[in-house]
Structures are given as C-alpha cells and as structure tokens.
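>>> Structural data only, the sequence is not supplied:
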C-alpha cells in the first residue's frame, strides 16, 4: 500500500459568472476579491467565493485532488477554518494512512474532532475524502465510481439553478438555461417577490419540473400562503428545506398542511439525520451533498438509508469547481434520482480549474479515467492561492 507523504492546501478565490443569491444570503459574485482585500460590507460574498483545494501525494508519487467551497451563509465552516482543520488536525492523521483507508480516516477524525449534534467539520473532511478517492483510483487504475460499486448510468442530466431575484432577471436566466431538464428556483421568504419569481420561471419552463428551494427562509403558515398563491403554476415538483434546519418538527407539521412533497437539506447532514427525519415523518425527499456528509462514502450512506426508508433522493452540490463536480458525478451515477441533478458549478462559475469534463446539452458525462478522471490545472491553483490568516 502506498502511504500518504504530503498534504497541501490551496485557498483560491473563485469568481462566479453571475451574481447568485440564496434565501440565506449571497453565494457569489463575478468580482471576487481576496478575503483580506475585501471591504467589511463585502465580507460575506467574497468569502463565499473561496474554494479550498487539497493535494495529497503518496510515496509512489501519485497525486489525489479534493476541493470544498467555503460558504458560511449556508453552514458554519469558513475558508480559514477549513484550511486550519486540514493542516493542523487532518494532515497528521493522513500521514499515517494510505488513500484506501477512507473509513479509518473518518474514524480517527471523529476521535480528534468529536462530532456534536451531527458531524464535525464536514466540509474540511469532504475535501480530504475526495482527494483520498482520487488517489486511490489512480493507484489501481480505476475510476472512483468503480471503487463505489460501479455506475448505473453513463450521463447525468442537470438542473439549472435560478437564484433569488426580480422577475425579469430570473426569467432571463431561465431563458438562457433552456437546455436544462429542470429548474431549481431559489425563494427567499418574501411572499410577493417569490410568487412573482416562480411565475416568471414557469413562463419559460414550459412545464419542466420546478424544484423550489427556500434555504430555511419560511415558516409553515407563510409557506402555505406561498403555495396557495402559485397553486396554478405548472410543474412545481417539490419544496426544499422551507423551515430552519433545527426545526424538524415544523417539517413534520408542514407535510400535513400542504400537498407538495417536502425535501430536507440543511436539516440532514448524516445518515443518522436521515433516519431521524424518516422516524419523525419529516420529509418525502432527501437532498444528498458530498460537502455536508463529509465525503463521498458518507454521502452514499445517507442515500442508501433514504432509499431503504422509502424517501426519494435529490442530487445537489455547493457550486463545486471541476474537482468536486467530478466527484459528484461519480457518486450520483449509481443512484436513482427523483429530478435532474442540481450541480451548478459549470453553470454559475467563470471557470472550473480542470480539463476532461464532458458537458453537452445540460447533460454531464460520468468520467471514466482513473480516479476522478479529470486533469487539474495545478499551475493556476498554485498561482492564485491566497495566504489566509491563521491558516
């Protein structure tokens, strides 16, 4: 077995192709400044643009790459905490292991960084987990999906992500995304504005599925009023995480108030969270993300628990660059999905920092090369790496 000999971390401010807003805040903008250069009032959007790239090297010279976006408006980890956790706490564990020791890595990480209510520092661990899978696949000459049991499909249709915005803006975004098989429409808690935005996207969608995502911005009674207002809009398939992540009982109550299927996302990070939601009858669907699960293998565990309990699976990411996007393709290639995958990095980012991704007509081909099956632009990542404080 080839032991890991080096762990490197590169924070990079990755700009967006367009401004993108969730119910919980700004995700990114086209003009991303380095965090230390941002004005105080710009701190949240600029920090949201920081992606942490991880490079593992084995004693055989094989390199594995991972990545994770810092998005403190969505979860508690920042660019600084992700970098520090990897460098100071996860790297010492990795230097005792091989890329095949994924479960042992997570077990030791749990002992070093004890999980609280759910899992501990999942974004940092997800970046490392992806790099482990990439290196392991390269060592044995197999794609990551083969390490997971093999793919069930060669290509994955994608869902367009429409951010919170005025009707004219969201309508134009939907028109530009006409190749996509479905639309994920972000809603922000303003009843009138959200009603207008949903109707505007529906005008262009022409009956394609609309996946509403509130990002915790509603309460049950207010959401019922919104759904009553858009009752005649065609194609609405489900509503995702309408209430705060900690309020699982509100999700349960909401399912008795509305006819639309309810998906849980921020309220479900682990397989245990999925099991709890099922026991409480709090969801019809579960959103699976590599970042919140802490890695590929843990995300797969969450999906299997959901499917065993009769919940459908929705595929999503956190505006991943090419490395995280490729990892998601490997994962979701073996799962039955309720809707096209909302993996919006290629749609929303100005660049992906990798080659060998095949995307045509809003459908992504699952890579077949060893590891993640992509070529990482290491020279650019090193050149654009930031010097974060405390990292």
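Good, I have the coordinates. Please read all numbers here as calculations on a predicted model, not as lab measurements. Numbering: from 1, shown residues only.

>>> Which residue, neighbours along the chain excluded, lies closest to residue 229?
Counting by CB to CB, 6 or more residues apart in numbering, residue 229 lies nearest to residue 195, which is 4.5 Å off, once chain neighbours are set aside. For the C-beta atoms, the positions are set from N, CA and C on the backbone; glycine is no exception.

>>> One more: residue 386?
Counting by CB to CB, 6+ apart, the residue nearest residue 386 is residue 11, at 4.6 Å.

>>> which stretches of the stretch 51-200 of the chain have low pLDDT?
Residue ranges of the stretch 51-200 of the chain with pLDDT under 70: 117.

>>> Counting neighbours, what do you get for residue 348?
17 (other CB atoms under 10 Å).

>>> Pretty sure it sits against residue 19.
No: between residue 348 and residue 19 there is no contact under CB atoms under 8 Å: 9.5 Å.

>>> pretty sure residue 300 is touching residue 144, no?
No: taking contacts as CB under 8 Å, residue 300 lies outside contact range of residue 144: 11.1 Å.

>>> Which one's more surrounded, the two?
Between residue 300 and residue 144, counting by other CB under 10 Å, residue 144 is the more crowded of the two (27 against 20).

>>> just to revisit the earlier point, residue contacts, the residue nearest to residue 386?
Counting by CB atoms under 8 Å, 6 or more residues apart in numbering, residue 11 touches 50, 51, 52, 53, 79, 83, 385, 386, 388, 391.

>>> now do 6 Å
Taking CB atoms under 6 Å, 6 or more residues apart in numbering, we find residue 11 in contact with 50, 52, 79, 83, 386, 388.

>>> do the same with residue 180
So residue 180 contacts 160, 362 (CB under 6 Å, 6+ apart).

>>> Which strand or helix spans it?
Remark: residue 180 resides in no helix or strand, with elements defined by DSSP states H and E.

>>> and it, how far is that from residue 3?
According to CB to CB, to the nearest Å, residue 180 and residue 3 sit 44 Å apart.

>>> And residue 371, by the same measure?
For residue 371 relative to residue 3 (CB to CB), the value is 17 Å.

>>> higher neighbour count, the two?
residue 371 (29 against 14).

>>> Tell me the spacing between the closest residue to that one other than its chain neighbours and residue 96.
Counting by CB to CB, 6+ apart, the nearest residue to residue 371 once its immediate chain neighbours are dropped is residue 137, at 3.6 Å. Using CB to CB, residue 137 is found at 21 Å from residue 96.

>>> More neighbours: which of those two?
It is residue 137, of residue 137 and residue 96, that has more neighbours when counted by other CB under 10 Å, with 26 against 12.

>>> Might you report the residue contacts of the more buried one?
143, 144, 147, 370, 371.

>>> Is it part of a helix or strand, or is it coil?
helix (DSSP: H, G, I helix; E, B strand; the rest coil).

>>> Would you mind measuring from it to residue 65?
Per CB to CB, residue 137 is found 11 Å from residue 65.

>>> again with residue 344
20 Å.

>>> How about the secondary structure of residue 126?
Following three-state DSSP, residue 126 is assigned to helix.

>>> Neighbours of it, how many?
Residue 126, neighbours per other CB under 10 Å, totals 32.

>>> from what I can see it touches residue 293, true?
No: if you go by CB atoms under 6 Å, residue 126 and residue 293 don't touch, sitting 7.0 Å apart.

>>> mind listing the helices for the stretch 151-300 of the chain?
167-176, 191-205, 220-229, 248-255, 271-279, 290-293, 296-308 (DSSP state H, counting those that start in this stretch).

>>> Can you tell me which of those is packed in deepest?
Among the helices of the stretch 151-300 of the chain, helix 290-293 has the highest mean neighbour count (mean count of other CB atoms under 10 Å), at a mean of 28.

>>> who touches that one?
For helix 290-293, the external contacting residues (CB under 6 Å, 6+ apart) are 68, 122, 123, 126, 269, 296, 299, 302, 318, 327, 328.

>>> now residue 183: how far from residue 138?
From residue 183 to residue 138 the distance is 36 Å (CB to CB).

>>> Which one's more surrounded, those two?
For residue 183 versus residue 138, the count of surrounding residues by other CB under 10 Å is larger for residue 183: 28 against 24.

>>> Local confidence estimate at residue 16?
Per-residue confidence at residue 16 stands at 84 (pLDDT).

>>> Could you check the pLDDT of the residue positioned nearest the centre of the chain?
Note on the chain: the residue nearest the mean C-alpha position is residue 317, at 2.0 Å, using CA atoms, centre = their mean. On the pLDDT scale, residue 317 is placed at 96.

>>> Neighbours of the residue nearest to it when sequence neighbours are not counted, how many?
Using CB to CB, 6+ apart and skipping the chain neighbours, the partner closest in space to residue 317 is residue 343 (4.7 Å). Neighbour count of residue 343, defined by other CB under 10 Å: 26.

>>> need the contacts of residue 11 in TSV with secondary structure, can you?
Written out in TSV, the entries for the contacts of residue 11 read as follows (three-state DSSP):
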residue	secondary structure
50	strand
52	strand
79	helix
83	helix
386	coil
388	coil
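
>>> What subset of these is buried?
Buried subset of these (neighbour count, 16 or more other CB atoms under 10 Å): 50, 52, 79, 83, 386, 388.

>>> With distance to residue 230 added, can I get the residues you listed in CSV?
Below are the buried ones among the contacts of residue 11 laid out as CSV (distance: CB to CB, whole Å):
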residue, distance to residue 230
50, 35
52, 38
79, 37
83, 42
386, 42
388, 43
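
>>> Just the closest of these to residue 249, please.
Minimum distance to residue 249 across the buried ones among the contacts of residue 11 is 33.7 Å, recorded for residue 79 (CB to CB).

>>> thinking that closest one is in contact with residue 68, fair?
No: the criterion here is CB under 6 Å, and residue 79 misses it with residue 68 at 9.6 Å.
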